[in-house]
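Q: From the sequence below, what's the structure:
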Amino acid sequence: MSDRTRSDDAAALGRELIALLTERKLTVAVAESLTGGLLVAELIRTPGASAVVIGGVVAYNTAIKHSVLGVDADLLAGRGAVDADVARQMATGVRVALAVDGRPADVGIATTGVAGPQGQDGKPVGLVFLGVAFGSEVVVIPMQLSGDRDAIRSAVVSESLRRVKRLLSE
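A: Numbering: from 1, shown residues only. Predicted coordinates for the structure are as follows:
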């Protein structure tokens, strides 16, 4: 898929997810690591997104995952930042970290992974975990993506939008 096609795909998916969140009167908060803000940027590209998107946290540095999002420090020390349980805790943590007037976001989305060019903490390039917290449920979706750094980051955005939309539609 070309960069232009992937960008158009992400834009359409972003519009569809914003429409779904708006229809269901749900708010969303995003915690990002390897995507560095690209996911929340895609969401807020849609006019009217401010009605449902609370905001995002770019927790690129591992320490921020703990201090801002509440990810367990022992988990980060023992397994590293690229881990299913880290994605799970990021998704639940961002809902609370970005609470408005004491009300957590309805949906928390988190991305953590390895964009490259080299592996990290013994994890291969392209390994990504998407965490989605909704109500008392948290779903973690592992992905193995390929391509260069930009292609992987872009694919994470599109796949995250697609999979969150699917989860909320069920």
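
Q: Could you pull up phi and psi at the spatially most central residue of the chain?
A: With distances taken as CA atoms, centre = their mean, the residue of the chain nearest its centroid is Ala110 (3.1 Å). When read as degrees, to the nearest 10, the backbone of Ala110 gives phi -140, psi 140.

Q: Please report how far the closest residue to it other than its chain neighbours lies from Gly70.
A: Closest residue to Ala110 apart from its sequence neighbours, by CB to CB, 6 or more residues apart in numbering: Met90 at 3.5 Å. C-beta here means a position set from N, CA and C on the backbone, and glycine is covered the same way. The gap separating Met90 from Gly70 is 9 Å, by CB to CB, to the nearest Å.

Q: And those two? Which one has more around it.
A: Taking neighbours as other CB atoms under 10 Å, Met90 and Gly70 compare with Met90 leading, 32 against 15.

Q: still on that earlier bit, check what pLDDT the residue nearest to Ala110 gets.
A: Met90 is assigned a predicted lDDT (pLDDT) of 98.

Q: Repeat that for the one 5 residues further on.
A: What the model reports as pLDDT for Arg95 is 98.

Q: okay but it is in contact with Ala29, surely?
A: Yes: counting by CB atoms under 8 Å, Arg95 does reach Ala29; the two are 5.6 Å apart.

Q: Could I get the CA-only coordinates of stretch 128-142 as PDB?
A: Provided in PDB are the C-alpha atoms of stretch 128-142 (Å, rounded to 0.1, in the frame of the first residue of the first chain):
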ATOM      1  CA  VAL A 128       3.400  -3.800  18.200                       C
ATOM      2  CA  PHE A 129       0.700  -4.100  21.000                       C
ATOM      3  CA  LEU A 130      -2.500  -2.200  20.700                       C
ATOM      4  CA  GLY A 131      -4.400  -1.900  24.000                       C
ATOM      5  CA  VAL A 132      -8.100  -0.900  24.100                       C
ATOM      6  CA  ALA A 133      -9.800  -0.300  27.400                       C
ATOM      7  CA  PHE A 134     -13.600   0.100  27.400                       C
ATOM      8  CA  GLY A 135     -15.700  -0.200  30.500                       C
ATOM      9  CA  SER A 136     -14.200  -3.000  32.600                       C
ATOM     10  CA  GLU A 137     -12.800  -4.800  29.600                       C
ATOM     11  CA  VAL A 138      -9.300  -4.400  28.200                       C
ATOM     12  CA  VAL A 139      -8.300  -6.000  24.900                       C
ATOM     13  CA  VAL A 140      -4.700  -6.300  23.800                       C
ATOM     14  CA  ILE A 141      -4.000  -7.000  20.100                       C
ATOM     15  CA  PRO A 142      -0.500  -8.100  19.100                       C
END
